[in-house]
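Visitor: sequence first, then the predicted structure:
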Amino acid sequence: MSKTKEFQKLITEPGAFILPGAYDAMSARLIEEIGYKAIYATGAGISNAQLGWADVGLTSLKEVVDIVTRMADVTSIPIVVDADTGFGNAINVMRTVREFERAGVAAIQLEDQVSPKKCGHFNGKDVISKEEMVGKIKAALDTRQDENLAIIARTDALAVYGMEEAIERAHAYAEAGADIIFVEAPTTIEQLKQITSSLKGIPQVLNLVEGGKTPLVSLNEAEELGFKIMLCANTALRSAIKGVTDSLRVLKEEGSHENVHDLICTWEERQSLFKLDQIKQWEKEYSHS
């Protein structure tokens, strides 16, 4: 089964699922190794990890495509890519879809923020017109070569114009052909219920950001509320930041590895993750000596 068909199966079969975020090939491989069903190539995480800057629209299409291509090369499960605003207008969206489809993604997420965008849980966002976003969605659908490539339409209108506008846009984006709808940054359980009750029958994303604007719920609770995808975009990144910080601090303060071992993976775990045995097998199989 192709990755696009596999993802379509995920969003149509019963039950909600967690979609964890990866920011490089290593984190993508870890997500698959642990047993998740799909990977989210996080725009915020890629900006943080690869550029060293906050999620304020600084990444380029080429930078994200390069990283997502590496993720796809070392994993076999579907990848959902955060394509921000599509990196421009509807014409830019057409190129964005072509590039990511060639990279091997299963779904592309587009949002209706103005460019340059901001993290959905930052203040000071603004959105383009509903009509312009509908045009972007149609451009994406007309450009994709694989009809199973899913298009996720995200609206940030809730923080700018309120719930009524956000729901209106969500319906318009679904009517334009988006496979999945993503209303960003609701702030209460009541708002979560209002979103799902207003958009019944449409697969929906719930973005949970630790310390962000949306109440944190469990996967079972998210499913009961009516969401299909529980997005945890930067849990892995933030755990990596803490882990690296802790081990580096101990090493600096103590000048010794004695108390570092419990903070790092073993040598064997590292080589296993990066498939050293597979490489050795290939060397043996293809050696001319």
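Guide: Happy to help now that I have it.
Visitor: all contacts plus neighbour counts: C-alpha atoms, from now on.
Guide: Fine.
Visitor: which residues of this protein score low on pLDDT?
Guide: 289 (pLDDT under 70).
Visitor: that one: helices as residue ranges?
Guide: Assigned by DSSP state H, the chain shows helices spanning 3-12, 25-34, 43-46, 61-73, 90-103, 130-143, 157-161, 163-175, 189-198, 219-225, 235-254, 267-273, 276-286.
Visitor: packed most tightly, which of those helices would that be?
Guide: helix 43-46 (a mean of 26; mean count of other CA atoms under 10 Å).
Visitor: give me the contacts around it.
Guide: 21-24, 54-55, 59, 64, 81-84, 119, 233-234, 237 (CA atoms under 8 Å, 6 or more residues apart in numbering).
Visitor: and which of those is nearest Tyr286?
Guide: Asp24 (28.8 Å; CA to CA).
Visitor: let me see the contact set for the closest one.
Guide: Here Asp24 is in contact with Ile46, Ile67, Val68, Arg70, Met71 (CA under 8 Å, 6+ apart).
Visitor: export these to TSV and append columns for distance to Val127.
Guide: As requested, those are exported to TSV (distance: CA to CA, whole Å):
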residue	distance to Val127
Ile46	22
Ile67	27
Val68	26
Arg70	31
Met71	30
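Visitor: thinking again about what came up before, Gly212 is nearest to which of the helices of the chain?
Guide: Once the helices of the chain are compared by CA to CA, helix 235-254 is nearest, at 12.0 Å.
Visitor: Leu219 and Ile18 touch, don't they?
Guide: Yes: the pair Leu219 and Ile18 qualifies as a contact (CA atoms under 8 Å) at a distance of 7.0 Å.
Visitor: mutual contacts of these two, please.
Guide: Met230.
Visitor: can you pull up the bridge partners for Gly21?
Guide: As for beta bridges, Gly21 partners with Tyr40 under DSSP bridges.
Visitor: return the distance of stretch 83-102 from the chain's centre.
Guide: 16 Å (CA atoms, centre = their mean, to the nearest Å).
Visitor: what does stretch 122-129 give?
Guide: On CA atoms, centre = their mean, the centre of stretch 122-129 falls 19 Å from that of its chain.
Visitor: with only the CA atoms kept, save that stretch in PDB.
Guide: The C-alpha trace of stretch 122-129 is given here as PDB (Å, rounded to 0.1, in the frame of the first residue of the first chain):
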ATOM      1  CA  PHE A 122       1.600  33.100  19.400                       C
ATOM      2  CA  ASN A 123      -0.200  36.400  19.700                       C
ATOM      3  CA  GLY A 124      -0.400  38.900  16.900                       C
ATOM      4  CA  LYS A 125      -1.500  36.700  14.000                       C
ATOM      5  CA  ASP A 126      -3.400  37.800  11.000                       C
ATOM      6  CA  VAL A 127      -5.200  35.900   8.200                       C
ATOM      7  CA  ILE A 128      -5.800  36.200   4.500                       C
ATOM      8  CA  SER A 129      -9.300  36.400   3.100                       C
END
